[in-house]
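[1] everything below, folded, please.
(chains A and B)
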Amino acid sequence: MSKTISVKNKSNSQRLEVLKTYKIYIGGQFPRTESGRFYTPLDATGKKLANVCLSSRKDFRDAVVVARNACSSWGNRAAFNRSQILYRMAEMLEGRKLQFIDELMQQGSSKIKAKEEVALSIDRLIYYSGWCDKYQQLFSSVNPVASSHFNFSVPEPTGVVSIIAPQSSSLLGLVSVIAPVIAGGNTCIVLSSETKPLCAITFAEVINSSDVPAGVVNILTGKVAELAPWFVAHMDVNATIYCEADKAMQKMFKEKSAMNVKRIFFYDKIDWTKEKGQSPYFIFDTQEIKTTWHPIEPIGASGGGY
Amino acid sequence: MISSIEMGTNIDFSHSPRIDQVGLEERAARFTKRSIKKETKLNGLLLTLNMIDLTTLEGKDSEGKVKQLCYKAQHLHDAYPGLPNVAAICVYPSMIKIVQKALKGSGINIASVATGFPSGQVPKSLKISETKFAVAEGATEVDMVISRGKFLEGEYNYVFDEIAAIKNACGSARLKVILETGELGNMDKVRRASDIAMYAGADFIKTSTGKIQPAATMPVTLVMLEAIRDYYYKTGRMVGMKPAGGISKSKLALYYLVMLKETLGDAWMNNHWFRFGASSLANDVLLQIVKEKTGTYQSGNYFSLD
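    Purely as a prediction, here's the structure:
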């Protein structure tokens, strides 16, 4: 007769915990890096955090392809619907607060700071959710012209944006750079903080369960020095955001972006925990202004101009 | 020496070799594991470009569209002089004269579909007269479709005679026989149809019209390549291969070249014996060639659409 296996005779301390494999996020899926490489970031005390994918330029290239494909459907979606989806992201983040607090503490944050950071991140998503269908009015204009035209300018998404996320702010920094970009109808490829990558991948799970279409947000983990040149040189990327004050790196960004006159933004003096860490002008950065000249009846006949 | 057609009339094609589907798929998958880098990759890409039958077979084809395609064939990417031309332009018979005028002196072949493409559901007499018309108009290559209905009814002699009659009508033009493998049902039938086509005089066997899914796949192409090899050993006559439809990425095209080399060898590694029937492959190959030359990932925005 076979012995029955009892699950009760093992106490909690004996149970082998199931650890999460931190994989990258491309096109709505969680693949490992195609390179098969990994690195092991350490916490402040020198303890290993996890084995994390060391993404290669080919992962980035694949991500650009899916981000480009996702562009038109995301950008053409009703602004109100984008707003609903960002709100949904906030809801999902709220529901998983404890996990993020736990990860932030693993990465060296105090409990109070971690709680604050998660709360602020949720609020930031709500903030940009609200702006999704409002920035257009703010940045649009009807322009006076000296001919018989109705002339107006409206913002449109620039396209694919590559982002090197803030290095010191693992979750709040990440959310603060992704939210305005996707609120404005762009798609993005984000390289997470190199030393604190855990929250980024867990945040990808939040995105994955929030009705964000595949390819709109893609998150890689890896070395900034290795990947940054590819992030800024790729001809199919329309804008790049870099958040550190490294002058040599900024110079490289300016040089490599010239090839396809890509827009570059350095968010290197911004404290994401402060009021100035959120603004509709962050949305405006990755917008392009389109001006339309629409013929109308002669100004004289209508009795006035615009 | 006894001719291929005479041999063919004495063969019972229902005894064509059977195909081991599982082994076939494993073998085909093996070709995708080869590492092709640097100069090898660049040479492969250039060869691919040179093997493309640039195709437009739409009901909406107009004179302008066909002229544009002919221009593209001769100016693939003028930023890089010295790129090879494509092998042929493939159009409907009504467009041959336009192609002939546009391609004058370029050395690019003029291929025309005929025989009631894509369904082939017209009487044999009309198929023959359409073929004669295409050749008289100036087509140097004729792409015919087999009567799949008759084939599936087991009327192999009918299919054989029809192909032989079309070959006769082609005169000096090379005949490509489209099996439309997506409609044949299984690999045994693909092999059988390949044998019939080759013994009846085909200069090329071709997978698909591009109008039916699945079109060209690696396993189907492998069955046909092996049929060509066996036929060559029996008769000493070389037959060309043209996978068509569904090959739009360079990487996949390189896998096909690997399969070609490892199945038929170097003698077939040129556009006299191997073609890709594709409309969007050329642009992807160009993107990759420029990437190899500049080291920067490219964007479709900087290449002509068609």
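[2] going forward, measure contacts and count neighbours with C-alpha atoms only.
    Will do.
[3] show me which helix runs longest in the chain.
    No chain was given, so I picked chain A. Ranked by residue count, the top helix of chain A under DSSP state H comes out as helix A:111-131.
[4] I was after chain B.
    Longest helix in chain B, counting by DSSP H: helix B:218-235.
[5] how about it: buried residues?
    Using 16 or more other C-alpha atoms under 10 Å in any protein chain shown as the burial criterion, the residues of helix B:218-235 that qualify are B:218-229, B:231.
[6] mind checking the SS state of B:Glu292?
    helix (DSSP: H, G, I helix; E, B strand; the rest coil).
[7] in contact with the closest residue to chain A within the stretch 101-250 of chain B, which residues?
    In the stretch 101-250 of chain B, the residue that lies nearest chain A is B:Lys249 (12.4 Å; C-alpha to the nearest C-alpha). B:Lys249 makes contact with B:281, B:284-285 under the criterion C-alpha atoms under 8 Å, 6 or more residues apart in numbering or on different chains.
[8] closest to A:Leu227 out of those?
    Distance to A:Leu227, by C-alpha to C-alpha, is smallest for B:Asp284 among the contacts of B:Lys249, at 23.5 Å.
[9] any idea which element the closest one lies in?
    Per DSSP states H and E: B:Asp284 is located in helix B:281-294.
[10] measure B:Leu254 to B:Leu24 for me?
    Between B:Leu254 and B:Leu24 the computed distance is 19 Å (C-alpha to C-alpha, to the nearest Å).
[11] the two - which one has more neighbours?
    Under the criterion of other C-alpha atoms under 10 Å in any protein chain shown, the comparison of B:Leu254 against B:Leu24 puts B:Leu254 first, with 21 against 17.
[12] how about residue 171, nearest residue that isn't a chain neighbour?
    I'll assume chain A. The spatially closest residue to A:Leu171, leaving aside those adjacent along the chain, is A:Cys199, at 5.7 Å (C-alpha to C-alpha, 6 or more residues apart in numbering or on different chains).
[13] right idea, wrong chain: chain B
    In this structure, B:Gly171 finds its nearest non-sequential neighbour in B:Val135, 7.9 Å apart by C-alpha to C-alpha, 6+ apart.
[14] repeat for A:Ile289
    Among residues not flanking A:Ile289 along the chain, A:Pro155 sits closest, at 4.4 Å (C-alpha to C-alpha, 6+ apart).
[15] what's the answer for A:Thr286, then?
    Nearest to A:Thr286 is A:Thr158, by C-alpha to C-alpha, 6+ apart, at 5.7 Å.
[16] in this structure the one you found contacts A:Ile289, no?
    No. If you go by C-alpha atoms under 8 Å, A:Thr158 and A:Ile289 don't touch, sitting 9.1 Å apart.
[17] so for these two, which sits in the more crowded spot?
    Legend: neighbour count by other C-alpha under 10 Å for A:Thr158 and A:Ile289, higher for A:Thr158 (24 against 15).
[18] can you give me phi and psi for the more buried one?
    The phi and psi values for A:Thr158, taken as degrees, to the nearest 10, are phi -80, psi -30.
[19] list the residues that contact it.
    A:Thr158 is in contact with A:186, A:238-239, A:286-288, counting by C-alpha under 8 Å, 6+ apart.
[20] 6 Å instead, please
    A:Thr158 makes contacts with A:286-288, as judged by C-alpha atoms under 6 Å, 6 or more residues apart in numbering or on different chains.
[21] what sits against A:Ser210?
    A:Ser210 touches A:88-89, counting by C-alpha under 6 Å, 6+ apart.
[22] against B:Val190, how distant is it?
    46 Å.
[23] around chain B, pick out the residues from chain A.
    Within reach of chain B by C-alpha under 6 Å from any C-alpha of the partner chain, chain A has these residues: A:234-236.
[24] between those, which sits nearest A:Arg37?
    Closest to A:Arg37, out of all of the residues of chain A next to chain B and judged by C-alpha to C-alpha, is A:His234, at 22.2 Å.
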